[in-house]
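Asks: prediction below, plus the sequence it came from.
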Amino acid sequence: MFVGQPLLTGLFSAAGIEMAVPELPQDILFELLLALLGMAGIRSFDKLKGTTA
């Protein structure tokens, strides 16, 4: 989303190709990112407390 889309847009415009790069839904990606970060934080907390299985 942050690297691929600008890179593709730049490559297409440099090659002279008129093509619209589809945009990804940012709200869904941010929800997924925050959920994964939350689970990683909980796992780190458990490892620090020594309650891992």
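Replies: That came through, no problem. Numbers count the residues shown, from 1 in each chain.

Asks: list the contacts of the residue sitting furthest away from the middle of the chain.
Replies: The C-alpha centroid of the chain is most remote from Gly50, which lies 30.3 Å away (CA atoms, centre = their mean). Listed by CB atoms under 8 Å, 6 or more residues apart in numbering, the contact set of Gly50 is empty. C-betas here are computed from N, CA, C, even on glycine.

Asks: distance of it from Leu33?
Replies: Separation of Gly50 from Leu33 (CB to CB, to the nearest Å) stands at 28 Å.

Asks: which phi and psi does the residue farthest from the centre of the chain have?
Replies: phi 80, psi 30 (degrees, to the nearest 10).

Asks: distance-wise, check it relative to Leu37.
Replies: For Gly50, the distance to Leu37 - CB to CB - is 22 Å.

Asks: Glu18: what secondary structure?
Replies: At Glu18 the chain is in coil, as set by DSSP: H, G, I helix; E, B strand; the rest coil.

Asks: repeat that for Phe45.
Replies: Applying three-state DSSP: Phe45 is helix.

Asks: repeat that for Thr51.
Replies: Assigned state for Thr51: coil (three-state reduction, three-state DSSP).

Asks: how many residues are close by it?
Replies: 8 (other CB atoms under 10 Å).

Asks: Ala20 now?
Replies: 7.
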